[in-house]
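**Q** no FASTA, just this:
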């Protein structure tokens, strides 16, 4: 499995699937979630509404898959990261589950390349370094696809991932 790092906009990445840091409603929101819904068009929201009708949203740590609409990827895997509450509410395990469940869903759907944003580090307030360590660990321990790309929107996350990947010899 190849692990790559880029600084950029996840909605422009050409991979089989991009991961959306969604909220439990699956109806779009701010940050990367809003950007993916805006760029992908109404097809993504329509698929999310069908999932909501069937199962009532997406619990924290779980993942669901939809079309990618107008995005250059084929699919969007929506996962709900935990809100940071100081680490005492099982946040590390829930965040690890986001990566694990996204990778398993990718494998089940024949996805070979997947791009991850920095899940839970925006409005959900997860400490960036702790989140990056979990992301890298889960991807490294679960080589279920051919290529993983960590997509960082800002310099701070990009520099953090760059150092952690270098330290891990990846």
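**A** Cool, got the structure. Not measured: the values here are computed from a predicted model. Numbers count the residues shown, from 1 in each chain.
**Q** Pretty sure residue 124 sits in a helix.
**A** No: assignment of residue 124 by DSSP: H, G, I helix; E, B strand; the rest coil gives coil, placing it outside any helix.
**Q** Can you tell me how far it is from residue 98?
**A** Relative to residue 98, residue 124 is positioned 11 Å away (CB to CB, to the nearest Å). From N, CA and C alone the C-beta is placed, and that goes for glycine too.
**Q** do residue 77 as well
**A** Counting by CB to CB, the gap from residue 77 to residue 98 is 10 Å.
**Q** need the helices for this structure, in chain order.
**A** 31-40, 42-55, 91-108, 128-141, 155-167 (DSSP state H).
**Q** coming back round to it: any residues in contact with both of residue 77 and residue 98?
**A** Shared contacts of residue 77 and residue 98 (CB atoms under 8 Å, 6 or more residues apart in numbering): residue 63.
**Q** re the thing from before, compare residue 124 and residue 98 (neighbour count), which wins?
**A** residue 98 (28 against 20; other CB atoms under 10 Å).
**Q** ok, and the closest non-adjacent residue to that one?
**A** Counting by CB to CB, 6 or more residues apart in numbering, the nearest residue to residue 98 once its immediate chain neighbours are dropped is residue 79, at 4.2 Å.
**Q** in the sheet, who's paired with residue 116?
**A** Bridge pairing for residue 116 (DSSP bridges) gives the partners residue 150.
**Q** pretty sure it contacts residue 135?
**A** Yes: Residue 116 lies in contact with residue 135 (CB atoms under 8 Å); the separation is 6.5 Å.
**Q** shared neighbours of the two, which are they?
**A** Common neighbours of residue 116 and residue 135, using CB under 8 Å, 6+ apart, are 99, 150.
**Q** shared neighbours of residue 124 and residue 98, which are they?
**A** With CB under 8 Å, 6+ apart as the test, residue 124 and residue 98 both reach residue 81.
**Q** Do I have it right that residue 96 meets residue 140?
**A** No: with contact defined as CB under 8 Å, residue 96 does not reach residue 140; the gap is 11.9 Å.
**Q** ok, these two, which is more surrounded?
**A** The residue with more neighbours, out of residue 96 and residue 140, is residue 96; 18 against 14, by other CB under 10 Å.
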